[in-house]
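> Could you work out the structure for the sequence below:
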Amino acid sequence: MEFADQPWDYLGAGEAVDLEHPLVQAKAAELRTGDDIALARLAFVFVRDQITDDGGAGGRWRASDVLAEGGGSPSGRVHLLVALLRAGGVQAGLCYQRLRDGDGPDFVVHGLVAALIDDRWVRLDPRGDVEFSADEDRVAVQADPARGEQDGTTIYASPPPSPLEAIEPAG
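A predicted model of the protein is given here:
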């Protein structure tokens, strides 16, 4: 994995990852019941199981808005997980997959969380029935290079201007 930013940036706040918001701070404090692994597991399960994916219909992408409403866009859910981890002291960032939209020719960009847990960076995907792991990447869909799909190799502290441009087109 490559890093787009400085190490301290993966603990910082931003427009989408507004970890200093009182709601985010309170939820992170509630989830911080043990070590970094325990926080990461609880935050992951909370976002996966308690925060609904509105498919972007609600337009909520800022972590605090997603938390306040109990749901948001897929990227908003990822922003919330990053914010909860950072608010609890765990370095976390954003990475992306370029996946086929069904069987058609179009692609979609799917955001993932990359977190530094127990001295290793793992990718986490808080959707569907993906299980938490502190030891290995856990994503809902594996990119298939034969279909032109790809996993981005860069971890961002903040969402890039265009997540689609964050992933090199398949060659």
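
> Do you have the helices of this structure handy? List them.
22-31, 36-50, 63-69, 74-87 (DSSP state H).

> closest to Arg138 out of those?
helix 36-50 (8.7 Å; C-beta to C-beta). C-beta: built from backbone N, CA, C; applies to glycine.

> biggest strand in the chain, by residue count?
Longest strand in the chain by number of residues (criterion: DSSP state E): strand 107-117.

> picking up where we left off before, taking the helices of the chain together, which one is wrapped up most tightly?
Among the helices of the chain, ranked by average contacts under mean count of other C-beta atoms under 10 Å, first place goes to helix 74-87 (a mean of 28).

> Give me the distance between Leu99 and Ser64.
28 Å (C-beta to C-beta, to the nearest Å).

> Quick one: low-confidence residue ranges for the protein.
Scanning the chain for pLDDT under 70 picks out the ranges 56-58, 163-171.

> Contacts for the longest strand of the chain next, please.
Contacting residues not belonging to strand 107-117 are listed as 1, 10, 36-37, 40, 74-75, 78, 81-82, 85, 90-101, 121-126, 134, 139, 141, 148-149, 155, 159, 163-164, 166-167 [C-beta atoms under 8 Å, 6 or more residues apart in numbering].
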